[in-house]
Structures are given as structure tokens and as C-alpha cells.
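Asks: predicted model, plus sequence, below.
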Amino acid sequence: MTQNPVQSEPVERAPAEAPARDAAPPPRPRTRRSEEVYWTLRREITAGVLRPNAALVEDEIAARLGVSRTPVRESMQRLEADGLIDSHRRRWIVHEHTQDEIVQLYEVRCGLESHAARLAGRRATPEQLKVIEGWRPRMTAHDPAVLNDRARNNDSFHDAINAASGNLRLLAAIQANRLFHFNTRLAALYSPDELARSSRQHDELITAVCARDAERAATTAREHVEFSLELILRKLF
């Protein structure tokens, strides 16, 4: 007797994956040239070389820096994300900070730098304290002739203290918040009494950190930032 062949069960197969047509391509790594262009333009904006409302023409910048338009375009997009430039009528212009924006930036800076000074007073290594102490002659002089030098060195001086906090994320946040093209303009407007007060604050900050008086360092850093904001609002608006 002939037996019917056994019917095998149909095998379920996983459906083939559809090609991810809508998936975003992985981000391209930033090229070294793009990084160089970005930081060059960022420094020129924050130093006031490129002034607020100045037009930024990609072709002109590419020719000046000896690069193609691609790294310039990538840099513009990053600077826009930083809040340093704006797209206006299909062209780029340097952003002009409003009074309210400056107040908010300095309120953030006040909190960040005060806490960094507190941590520096607790965590600074002997080598870092030596570096911080080494800034005293340049950052505490009262002679108006040092103003330009002070303006150039100010960020490096404060970074030495902020780095001594031992918190790289905090240091990066402070540096990212540093968007102030008006610092250089302000330095030229200090009166002798205002320069002396700023110098005393620098002196007190160095002393507090080096003495590991964390709370005094935090208070002095806060007072110093508040004093800077007071001058900006009074002299530039």
C-alpha cells in the first residue's frame, strides 16, 4: 500500500530588512582644516576683530584663509549654533548681543567660575598653585599701561584657576560660555580706580586659592564677575 508522503510544515522566514532609505548618514568627522577655520573665526569674533553686524562672505573668508568654501561653510554652521553669528537675508552676520543676553551670559559665568574657584581651593595640585601664583605680577598691576596686556592674558589667567578645579566638563562649559567680543572694548574704558579694584580682586582670588580657602575663593570669583558685568552695563549701554 502506497503511503502519502508527509507534508512538511512551511518554514516561516524573517522578512528581508528593507533598506534604511530614510536613515541619516553618519556624521562626517570634522577635518583639521575645518577646525582651524572655526577657531580662527571664533577668536576673531570674540576678540572684536570681526565686529557685531559685520557681514561674513564665505568666498572672501576662504580666500583670506587659503581654504575651500567647504570648511568655511561648516564653520559658519558651528558658529551659528554657538550664537556668535546669524543668518540674515541669505548672508551671515556677526551676532550683536543684547543687554539681556549679556546679563544672562554673565549670570551663567558667575555660577560656573565661582564653583570652579571653590573646587580649585580644594583640589589644586602644588604645581597648579605655582602656576596660579606666577600670574600675580601680571594680573595685579595698577598701571593703565598694562591694560592691553591684561586683556590678552585675562582668559589664560582665569583658565589656570578654572582648570585647577579638576573638572574638565566644568572648564569646557566655562570656555564655551566665553562669547564676549566686548571684553576688549571694555578694557580700554577702565578708569584708574576700576583697574585698581579689578587688580585687587585678582590678588584676593590668587591668595584665596593658594591658601586653600575654598569659600573665600568662590566669593571673590563671584564678586569679580559681578563687577565686570556692572562695568559692561554702565559703559557699553
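Replies: Noted; the coordinates are in hand.
Asks: how's this structure carved up into domains?
Replies: Annotated domains of the chain cover 32-94, 99-235 [automatic domain parsing].
Asks: could these go into TSV alongside mean pLDDT?
Replies: Formatted as TSV, the domains of the chain follow (pLDDT from 0 to 100):
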stretch	mean pLDDT
domain 32-94	92
domain 99-235	91
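Asks: in CSV, list the ones you listed along with mean neighbour count.
Replies: Just so you know, the C-beta spots here come from the backbone N, C-alpha and C atoms, and that holds for glycine as well. CSV is the format used below for the domains of the chain (neighbours: other C-beta atoms under 10 Å):
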stretch, mean neighbour count
domain 32-94, 16
domain 99-235, 17
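Asks: what secondary structure does residue 35 sit in?
Replies: Classification of residue 35 using DSSP: H, G, I helix; E, B strand; the rest coil returns helix.
Asks: gap between it and residue 192?
Replies: The spacing between residue 35 and residue 192, counted by C-beta to C-beta, to the nearest Å, is 41 Å.
Asks: same thing with residue 228?
Replies: 17 Å.
Asks: how about residue 162?
Replies: With C-beta to C-beta as the criterion, residue 162 and residue 192 are 28 Å apart.
Asks: now do residue 100
Replies: 31 Å.
Asks: surely residue 166 is in a helix?
Replies: No. Per three-state DSSP, residue 166 lies outside any helix segment and is coil.
Asks: could you double-check that it lies in contact with residue 119?
Replies: Yes. Counting by C-beta atoms under 8 Å, residue 119 is a contact partner of residue 166 at 6.3 Å.
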